[in-house]
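Participant: The sequence isn't on hand, but the structure is:
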């Protein structure tokens, strides 16, 4: 039994870290080192997109925010039809409900699993809306 345990320990110590591919708005470091995050992170066939914010809860602000998310998806050749999960955080859920048709245009009828949460504030105090996504790459 000692041999098995020691082999297991050796195997655990030699595991390579996961491969991560990052993108951050054209930043050569591919991440924001001041705040400590990357806009996108690809691991295997999954793309994680960090929260994108809007400082206004109006049609223009929601369109800008989802256009930014679309830009993140396009960096990897994906669209909103590859999105499987959306987390939305807002300081005014009722205002966002009124703007849901703007959001839905980006999904073109193919909606992801979604969670909407009203909060008191976001990381940027002036932000009113933040949306993060998880997308999957199609099987090759």
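Facilitator: Sure, I can see it. This one's a predicted model, so the numbers in the text were calculated from it and none came from an experiment.
Participant: Run through the helices of this protein in chain order.
Facilitator: In the chain, helices defined by DSSP state H lie at 2-13, 59-74, 93-98, 100-107, listed in chain order.
Participant: out of the ones you listed, deepest packed?
Facilitator: Mean neighbours per residue, mean count of other CB atoms under 10 Å, is largest over the helices of the chain for helix 59-74, with a mean of 17. (Each C-beta comes from the backbone N, C-alpha and C, glycine too.)
Participant: still on that earlier bit, can you put the helices of the chain in TSV and add mean pLDDT and distance to residue 125?
Facilitator: Output for these, formatted as TSV (pLDDT from 0 to 100; distance: least, CB to CB, whole Å):
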stretch	mean pLDDT	distance to residue 125
helix 2-13	51	43
helix 59-74	97	16
helix 93-98	98	17
helix 100-107	98	23
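Participant: Generate a markdown table for those, with distance to residue 136 as supplementary columns.
Facilitator: Supplementary listing: those in a markdown table, determined by distance: least, CB to CB, whole Å:
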| stretch | distance to residue 136 |
| --- | --- |
| helix 2-13 | 28 |
| helix 59-74 | 11 |
| helix 93-98 | 25 |
| helix 100-107 | 15 |
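Participant: Any idea which of those gets closest to residue 139?
Facilitator: Of all the helices of the chain, helix 59-74 sits nearest to residue 139, with 17.6 Å by CB to CB.
Participant: what angle sits between that closest one and helix 100-107?
Facilitator: Angle of helix 59-74 versus helix 100-107, following axes from the mean of the first three to the mean of the last three CA atoms, to 10 degrees, is 20 degrees.
Participant: same for helix 59-74, what does it pack against?
Facilitator: strand 46-54, helix 100-107, strand 129-136 (3 or more CB pairs under 8 Å, 6 or more residues apart in numbering; DSSP states H and E).
Participant: hmm, back to that, and of the helices of the chain, who's closest to residue 38?
Facilitator: Of all the helices of the chain, helix 59-74 comes closest under CB to CB, at 10.4 Å.
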